[in-house]
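1. sequence and predicted structure below; questions after.
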Amino acid sequence: AVSNYYGIYTSGRGYIKACVACRNTSNGIRTDTGGRVENCIVEGNASAGISAGYGSIVSGCAANGNTDGILVSGGTLALVSDCITYNNSGYGISGGTGSRVAGCVSSYNGSYGISVSSSAIVEDCLANNNSSGIYGLSLNRFKGNTCMFNNNAGLLTGSWKNFFEANFAEGNETGINAND
C-alpha cells in the first residue's frame, strides 16, 4: 500500500500479515483493539509505521524512516516482539501500560529506541545509537537488554519502583539512570 492516507487499516481484531506499507500520509498500518500485525515492512510513512491498539500483537516487523516506528500508545497490554526499528524521527517502539517488548532491535531513532509507560516488561532487546536507548516510567521490569552508544542514557526511568536484571550499557552518556 503506497501513497494513501492509511496504507492498511483494520478495526477490531484484524490480522495483517506479510504486507508492505510505504510513503502514506498518516500511518503505514493501523489496527485497533486486539489486532495482529505480523512480518510486515513499513517505510517512510508521515506518522507511525505501525499504530496498534489495546491488546494488539506486533511481531516480526521492520519499521524504517517513519515519524514513529511502532506505536502502541493505545496499546495497553500489547505485545511487540522480534521487530526491528531504525531511522525513525521519533520513537523506535512505544508501548503502553502493561505491554511487553521482547527480542527487538531499535537503532538510530530520533527519540527513545524503546519507550514504555508503567507495569511493562522490556526484555532481551538491543537499543543503540538513539537519542536515549530504553525508557520506562514506573513499575517496569527491564531484563537482559543491551543499550549501546545512545546520545543520552542507555536505560532511563522516569519515576519509581522499576526492576533491573542483567542489563548491559556501554558508550552512552549515562549507562543506567534509575530515577527511583
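-> Okay, I see it. Residues are numbered from 1 along each chain as shown.

2. nearest residue to Ser117 in space, please, no chain neighbours.
-> Nearest residue to Ser117, sequence neighbours excluded (CB to CB, 6 or more residues apart in numbering): Thr97, at 4.7 Å. Just so you know, the C-beta spots here come from the backbone N, C-alpha and C atoms, and that holds for glycine as well.

3. wait, what's in contact with the nearest residue to Phe168 once chain neighbours are set aside?
-> Spatial nearest neighbour of Phe168, chain neighbours left out: Thr146 (4.8 Å); criterion: CB to CB, 6+ apart. When contacts are counted by CB atoms under 8 Å, 6 or more residues apart in numbering, Thr146 is found next to 125-128, 167-169.

4. would you list the phi and psi of Thr146?
-> Thr146 adopts backbone torsions of phi -120, psi 130, taken as degrees, to the nearest 10.

5. what bridges to it?
-> Leu126, Phe168 (DSSP bridges).

6. relative to Ile8, how far out is it?
-> Using CB to CB, to the nearest Å, one obtains 32 Å as the distance from Thr146 to Ile8.

7. what do you get for Gly175?
-> From Gly175 over to Ile8 the distance is 39 Å, taken as CB to CB.

8. so these two - more neighbours on which side?
-> With neighbours defined as other CB atoms under 10 Å, Gly175 and Ile8 compare such that Ile8 has more, 21 against 17.
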